[in-house]
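**Student:** Sequence first, then the predicted structure:
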4 protein chains.
Amino acid sequence: MNETTVVEYSEKQLENPVMIVGLPGIGLIGKLVAEHLIDELKAEKIMEIFSPCLPPQVNVNADGTTKLVSNEVYAWKGDGKTPDLLLLVGDYQSVTNEGHYELAGIYLDIADRFKAKRIYTLGGYGTGKMIDQPHVLYATNTVKILEEIKGYGATFNEGELSGGIIGASGLILGLGELRGIEAVCYMGETSGYLVDPKSAQAVLAVLCKALNLTVDTKELEARAQEIEKIITKIKELEQQQQPAPPGPRDFTAEDKYIV
Amino acid sequence: MNETTVVEYSEKQLENPVMIVGLPGIGLIGKLVAEHLIDELKAEKIMEIFSPCLPPQVNVNADGTTKLVSNEVYAWKGDGKTPDLLLLVGDYQSVTNEGHYELAGIYLDIADRFKAKRIYTLGGYGTGKMIDQPHVLYATNTVKILEEIKGYGATFNEGELSGGIIGASGLILGLGELRGIEAVCYMGETSGYLVDPKSAQAVLAVLCKALNLTVDTKELEARAQEIEKIITKIKELEQQQQPAPPGPRDFTAEDKYIV
Amino acid sequence: MNETTVVEYSEKQLENPVMIVGLPGIGLIGKLVAEHLIDELKAEKIMEIFSPCLPPQVNVNADGTTKLVSNEVYAWKGDGKTPDLLLLVGDYQSVTNEGHYELAGIYLDIADRFKAKRIYTLGGYGTGKMIDQPHVLYATNTVKILEEIKGYGATFNEGELSGGIIGASGLILGLGELRGIEAVCYMGETSGYLVDPKSAQAVLAVLCKALNLTVDTKELEARAQEIEKIITKIKELEQQQQPAPPGPRDFTAEDKYIV
Amino acid sequence: MNETTVVEYSEKQLENPVMIVGLPGIGLIGKLVAEHLIDELKAEKIMEIFSPCLPPQVNVNADGTTKLVSNEVYAWKGDGKTPDLLLLVGDYQSVTNEGHYELAGIYLDIADRFKAKRIYTLGGYGTGKMIDQPHVLYATNTVKILEEIKGYGATFNEGELSGGIIGASGLILGLGELRGIEAVCYMGETSGYLVDPKSAQAVLAVLCKALNLTVDTKELEARAQEIEKIITKIKELEQQQQPAPPGPRDFTAEDKYIV
């Protein structure tokens, strides 16, 4: 597989949906919120994105079956009160610099195709200290909606995002602006050390207000605990793994040249 | 050479062969098992894969002649009892992320072309501790064969592969599923610190049962010792090599910009 | 976005302009000088370059709106005394090796299209010690203008640039020579530890003499202080950010292979 | 510049030349020998190779003029006794894995075009200890010339090159074999810590015997000392250079994701 491949499972009709993006990042906040919404709303998986800029990896299910890492798109028909939703989640973001640009372009193609009227991309904002009452920060590529998106309970203090927004969320805003797609990023304050269900709840609250949506949040913490357990396990395994003998090596460094 | 190149040495007729993949990885288990089978069965080399995503390297034979690093495909006509076999081995896996996807695609192309009915990809599973009686873990991209592949003497406890399967084996399962190719991964438990012939023997035993095959295993340990010797030598050499003056450098890091 | 994209905002007529390049680098000297000129001259933004070899990032403005990282081209109509100017500035240089070559080629395409008669690319030269009276070093791809460019107050002692000039400035000179475009690099001596407005002032003085231009320099220090503040903030944030759980990982290293 | 570019300066007629490759590597041995030959024989520069897989850098001459880093091909008409020679030297080897394969392919294209009858590629072999009387090791892609190439004064003890030959020399042998081009690698034993003119002299002696050539060698040490001085200077400079503020960063690592 040399090219990113989008597999479509179902042709869903949506009317000017809102797109929610929750990919893995600091505190796993975006992923927690978007996956929680998918579960609570029983959204339907309609697309899957496989790409050479994702890690070369399958995940293993509880029964020993495997699944290639991917990004997934879910759809949910709104109820009149809440708009139709497209939800994008995934195992990983791109592991290459150029891959970030490629995948963000594909996300925006999907938004375009469904005539999404706005994208909310969700994440965390690392502060380095434990926080009792995490704020939700906002940023947007569209000046005219600043007051609106703040109105859903988010804050922004000048200088707080001076390091920029990096990765898929950043590019969705940045490339979205070039293509005229309205996009908002909500980021929950988080220490940066742990999976953070409390911050995810704060982001979920803001998002629900923005979408005029009510969902149960009690599963969020259970989900966070499960993910935390898996991560601890992965870290243990990584520490146990030693360099594979004659295995692949990195030849960009200068100290590897014999001749 | 800008493209991966597959050189064919012989046009072998095989009937719905089973493909065995043993590339270098943790404990060198997959490589040990597959190379042992090639030797014991006197399988014939029919293809060789050269690629810019393998290291820029030749290996040097005992007489001073050289050989470009590659992946190799061997064929063996079955004996009625055991099916025809395609065996894939190699010096390295890809050293780039995208290269893993490209090479796995090529492996599956070869499986497709020979109408392989199943792929067994072999490897190790690092546990971080010395193990007396290594288990063999299984994973598969095909739910309906779970009972069968377990029946050959492998085990799987929920949560054991929560870090996923990474590299060629992972992608053969993952991309294989997308293409409808049945694939199984058998992984021998291993400390992760050493070339592990004992774990390789455990994997070989499971594989032989799956293939209804009997092979002598006493050469396996000798082979492991020889490889261990080479690896020790390589590591010594690497430690001796100093940065090559004005040689190639890596310019991705931010601290290299003069202007 | 898979390709570098140049967006044009305005079709400016310039007559044999001189191109000034001030991208981020050591001491931020080139960026400080070029952005100062843009402000003082009220130059007009005519083009913007977005590229997958820049980081996947948006910067966040003081009001919470975002802007995709880019390189920007500004134009200024000369006043008879000073020639027309094209000014190239940016948030980043390429983060990939090949990207440097691609972007430098695009910069030279722009110079070519406007029939620029010369390019001045500005930067710093790290000396590792604090300097009271920073010299400005010169280098050029055109032997016949050596005396002229030295005459504007720059110096060059044999051996001082024996490490070469790396990044965009280096390639503008190197690729410029292949394309017959006259280019000069002025580098202010700087410790290398800090944003250096004093060295930027020295470079600005030389450049102004070369361009027969007079600009106020008192804003330069204020700008430097503001940038320094932002950088300190970014560094703090980076230290607070922990590895994102199941997030993207780098698979070039050999110790990541489970199978 | 997105593609490797070969610039030709002169159309030289050579009759079945021998190609000598001396690119930077351990101990700078290959580069020292090949550049020494170019000087002593007053060989003519006929081609230059520029490439995005070389570093983004110009070198600066003693007068402040610059030169884009490259690989260069020189030609020398033989004298009846010694065959015609093509000499390939350069500032760097590729800094990317794929780039090594691309450049080696280009070197072999040049050998092909001139109908080169053999390639000698020169380098060092790091032993980690100081050596009084460095041996010259040999390796080749062509079994039938083993006795001949050993006869010029080189040695090979089984196991000595068990780590393989990495970089341009390795690929010239490896890819050369695939294309039916006879190639030999001579490697001088060297500690690996320093530019090594003594080992270069040993390699030069073997090569001269192979080519039936006599050259003065006293300039070799002077050249080595000069290079050593430059390298020391470069290393000092690199240590002085601090991370460039908001400059390019590497986004492959997992700890860089804010959102």
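**Tutor:** Ah, there it is.
**Student:** Where do the helices of the stretch 101-250 of chain A begin and end?
**Tutor:** Along the stretch 101-250 of chain A, the stretches classed as helices by DSSP state H, counting those that start in this stretch are A:146-150, A:168-178, A:197-211, A:218-240.
**Student:** per-residue pLDDT, residue A:242?
**Tutor:** In this model, residue A:242 is scored at 39, pLDDT.
**Student:** Repeat that for residue A:66.
**Tutor:** 97.
**Student:** Give me the distance between it and residue B:27.
**Tutor:** 20 Å (Cβ to Cβ, to the nearest Å). C-beta: built from backbone N, CA, C; applies to glycine.
**Student:** Settle it for me: which of those two has more neighbours?
**Tutor:** Shown here are residue A:66 and residue B:27; by other Cβ atoms under 10 Å in any protein chain shown, residue B:27 has more neighbours (34 against 26).
**Student:** In three-state terms, label the more buried one for me.
**Tutor:** Following DSSP: H, G, I helix; E, B strand; the rest coil, we place residue B:27 in the helix state.
**Student:** Now do it against residue B:96, distance only.
**Tutor:** As judged by Cβ to Cβ, residue B:27 and residue B:96 stand 23 Å apart.
**Student:** near chain D, which residues of chain A show up?
**Tutor:** Proximity of chain A to chain D, by Cβ under 8 Å from any Cβ of the partner chain, involves residues A:24-26, A:30, A:93, A:95-97, A:100, A:121, A:123-126, A:163-170, A:185, A:187, A:251-252, A:256-259.
**Student:** got TSV for the helices of the stretch 101-250 of chain A, with distance to chain B too?
**Tutor:** Shown next, in TSV, are those (distance: least, Cβ to the nearest Cβ, whole Å):
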stretch	distance to chain B
helix A:146-150	32
helix A:168-178	17
helix A:197-211	19
helix A:218-240	3
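**Student:** just these: most buried one?
**Tutor:** Mean neighbour count (mean count of other Cβ atoms under 10 Å in any protein chain shown) peaks for helix A:168-178 among the helices of the stretch 101-250 of chain A, with a mean of 27.
**Student:** can you give me the offset of that one from its chain's centre?
**Tutor:** Relative to the centre of its chain, helix A:168-178 is centred 13 Å away, using Cα atoms, centre = their mean, to the nearest Å.
**Student:** Mind telling me which residue of the stretch 1-150 of chain A is nearest chain D?
**Tutor:** Nearest residue of the stretch 1-150 of chain A to chain D (Cβ to the nearest Cβ) works out as residue A:123 at 3.0 Å.
**Student:** Quick one: neighbours of that residue, just the number.
**Tutor:** Applying other Cβ under 10 Å, we find 34 residues neighbouring residue A:123.
**Student:** What of the one 4 residues further on?
**Tutor:** Using other Cβ under 10 Å, residue A:127 has 19 neighbouring residues.
**Student:** about what we covered before: and the residue of the stretch 1-150 of chain A closest to chain D, how close does it get to residue A:71?
**Tutor:** As judged by Cβ to Cβ, residue A:123 and residue A:71 stand 15 Å apart.
**Student:** From what I see, residue A:7 and residue B:175 are in contact.
**Tutor:** No - applying Cβ atoms under 8 Å, one finds residue A:7 not in contact with residue B:175, separated by 12.0 Å.
**Student:** who touches both of those two?
**Tutor:** Listed as contacting both residue A:7 and residue B:175 by Cβ atoms under 8 Å, 6 or more residues apart in numbering or on different chains are residue A:50.
**Student:** Lowest mean pLDDT across the helices of the stretch 101-250 of chain A, which one is that?
**Tutor:** helix A:218-240 (a mean of 75).
**Student:** Who are the packing partners of that helix?
**Tutor:** Packed against helix A:218-240 by the contact rule (3 or more Cβ pairs under 8 Å, 6 or more residues apart in numbering or on different chains; DSSP states H and E) you find helix A:29-41, helix A:197-211.
**Student:** Go ahead and measure how far it is from the middle of the chain.
**Tutor:** 17 Å.
**Student:** now it and helix A:29-41, what's the angle there?
**Tutor:** Angle between the axes of helix A:218-240 and helix A:29-41 is 130 degrees (criterion: axes from the mean of the first three to the mean of the last three Cα atoms, to 10 degrees).
**Student:** Which residues does helix A:218-240 contact?
**Tutor:** The contact list for helix A:218-240, computed with Cβ under 8 Å, 6+ apart, reads A:28, A:32-33, A:35-36, A:39-40, A:194-197, A:200-201, A:204, B:126-129, B:159, B:162-163, B:191-192, C:245-246, C:256, C:258.
**Student:** Buried ones among these?
**Tutor:** A:28, A:32-33, A:35-36, A:40, A:194-197, A:200-201, A:204, B:126-128, B:162-163, B:191-192, C:245-246, C:256, C:258 (16 or more other Cβ atoms under 10 Å in any protein chain shown).
**Student:** Distance check, the nearest residue to residue A:137 once chain neighbours are set aside against chain C.
**Tutor:** Nearest residue to residue A:137 in three dimensions, chain neighbours excluded: residue A:187, at 4.6 Å (Cβ to Cβ, 6 or more residues apart in numbering or on different chains). Counting by Cβ to the nearest Cβ, to the nearest Å, the separation of residue A:187 from chain C is 10 Å.
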